[in-house]
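S.K.: how would this look folded up:
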Amino acid sequence: MEAPPDNDVLWAHALRFQHHDGSPALQGVSLGVHEGEILAVTGPRGSGKTTLLRCLSGLTRPQDGEVWFNSVPVHTMGPLRRERLRRDRFGWIDPTPVLVPELTVWENAALPLMLRRTGRRRAKTAALEWLERLDVGDKARRRPHELQQAERQRVCIARALAVAPAVLFADEPTAPLHRADRAHVLRTLTSAARSHGITVVLATHDAQTAALADRTVALLDGRRVKTVHLPPATETETERTPGAADTSGTEGRAACSLSA
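M.R.: Model prediction:
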């Protein structure tokens, strides 16, 4: 077992994971993420980006390899400790919005804070602040079914930022948004991360989104590569069916070279 570098808030070594059908998702991926850094994990669909984020965040336990957070081994933790770590230190944004239908918009945004036993008034204030910054403050008392999909995604992003996580994992966070909305939301997300010292690990297959990061790590077929040329996302891509299965492992591939 290797000791992680002192300046890496997240560190992974030789991660391997296979899907239930035996197809490889990660094949020996190693990386480090510096504190306060915005790191983009890029690659075409099916390259292993989501699996890598899930392993780094403790949502999925790698079948081999190590994951460390602030020099604490995540890969040896049991399910309860990993759940507590995710609740207390991490934030997560899915590519499609998932909200509690019985709660109002502000209650959804404040829910992780209240689960941390933050007082209701303080949790509501933090939630409303981020809802306003993401231009859905006027929807605070509505229910999720009254919102458009893009508005629901903004609420999910506000929910992730309201807890001021040490690390925010964002898996294609602007996938449901139209091009005009995407730029504003990404600016809000990146400026919030920098002003609050939040480390961000961002998975994307969009070159314009990746360009906002401090550094880029490219994946192809579950391996780190030196270069993957990504085309900008089209409007059609941003409107694809939520939750649709993604099996196009080579879609969008233009050029790549394997890491040494």
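
S.K.: which stretches in the stretch 1-150 of the chain count as helices?
M.R.: Ranges of helices within the stretch 1-150 of the chain are 49-57, 79-89, 105-115, 120-133, 149-162, based on DSSP state H, counting those that start in this stretch.

S.K.: and these as a markdown table, adding mean neighbour count and distance to V72?
M.R.: Placement of C-beta: from N, CA and C, glycine included. As requested, the helices of the stretch 1-150 of the chain are exported to a markdown table (neighbours: other Cβ atoms under 10 Å; distance: least, Cβ to Cβ, whole Å):
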| stretch | mean neighbour count | distance to V72 |
| --- | --- | --- |
| helix 49-57 | 24 | 13 |
| helix 79-89 | 14 | 8 |
| helix 105-115 | 22 | 21 |
| helix 120-133 | 18 | 26 |
| helix 149-162 | 24 | 22 |
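
S.K.: how about those helices in a markdown table, adding distance to T209?
M.R.: Below are the helices of the stretch 1-150 of the chain laid out as a markdown table (distance: least, Cβ to Cβ, whole Å):
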| stretch | distance to T209 |
| --- | --- |
| helix 49-57 | 12 |
| helix 79-89 | 24 |
| helix 105-115 | 23 |
| helix 120-133 | 19 |
| helix 149-162 | 14 |
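
S.K.: mean pLDDT and distance to R16 added to the ones you listed, as JSON lines?
M.R.: Listed next are these as JSON lines, based on pLDDT from 0 to 100; distance: least, Cβ to Cβ, whole Å:
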{"stretch": "helix 49-57", "mean pLDDT": "96", "distance to R16": "10"}
{"stretch": "helix 79-89", "mean pLDDT": "94", "distance to R16": "18"}
{"stretch": "helix 105-115", "mean pLDDT": "96", "distance to R16": "31"}
{"stretch": "helix 120-133", "mean pLDDT": "96", "distance to R16": "37"}
{"stretch": "helix 149-162", "mean pLDDT": "95", "distance to R16": "28"}
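
S.K.: and of those, who's closest to V201?
M.R.: Evaluated over the helices of the stretch 1-150 of the chain, closeness to V201 peaks at helix 49-57, with 6.0 Å, by Cβ to Cβ.

S.K.: next one: stretch 20-38 to chain centre, how far?
M.R.: 13 Å (Cα atoms, centre = their mean, to the nearest Å).

S.K.: ok, back up a step: nearest to A207, of the helices of the stretch 1-150 of the chain?
M.R.: Nearest to A207 among the helices of the stretch 1-150 of the chain is helix 49-57; the distance by Cβ to Cβ comes to 14.1 Å.

S.K.: isn't L31 right up against V9?
M.R.: No. With contact defined as Cβ atoms under 8 Å, L31 does not count as touching V9 (12.0 Å).

S.K.: circling back to that earlier point, G22 is nearest to which of the helices of the stretch 1-150 of the chain?
M.R.: Closest among the helices of the stretch 1-150 of the chain, using Cβ to Cβ: helix 49-57, at 14.2 Å.

S.K.: contact partners of that closest one?
M.R.: Contacts with helix 49-57, where a contact means Cβ atoms under 8 Å, 6 or more residues apart in numbering, come from 10, 12, 15, 17, 25-26, 29, 33, 41-43, 59-62, 65, 67, 74, 86, 90, 92, 167, 169, 171, 201, 203-205, 219, 222.

S.K.: strands - which of these land there?
M.R.: Applying DSSP state E to these, the entries found in strands are 10, 12, 15, 17, 25-26, 29, 33, 41-42, 65, 67, 90, 92, 167, 169, 171, 201, 203-204, 219.

S.K.: which regions of this protein sit below the pLDDT cut-off?
M.R.: 1-6, 227-260 (pLDDT under 70).

S.K.: longest helix anywhere in it?
M.R.: Counting residues, the longest helix found in the chain (DSSP state H) is helix 179-196.

S.K.: for it, name the packing helices and strands.
M.R.: Contacts defined by 3 or more Cβ pairs under 8 Å, 6 or more residues apart in numbering; DSSP states H and E place helix 179-196 against strand 38-42, helix 120-133, helix 149-162, strand 199-204, helix 235-238.
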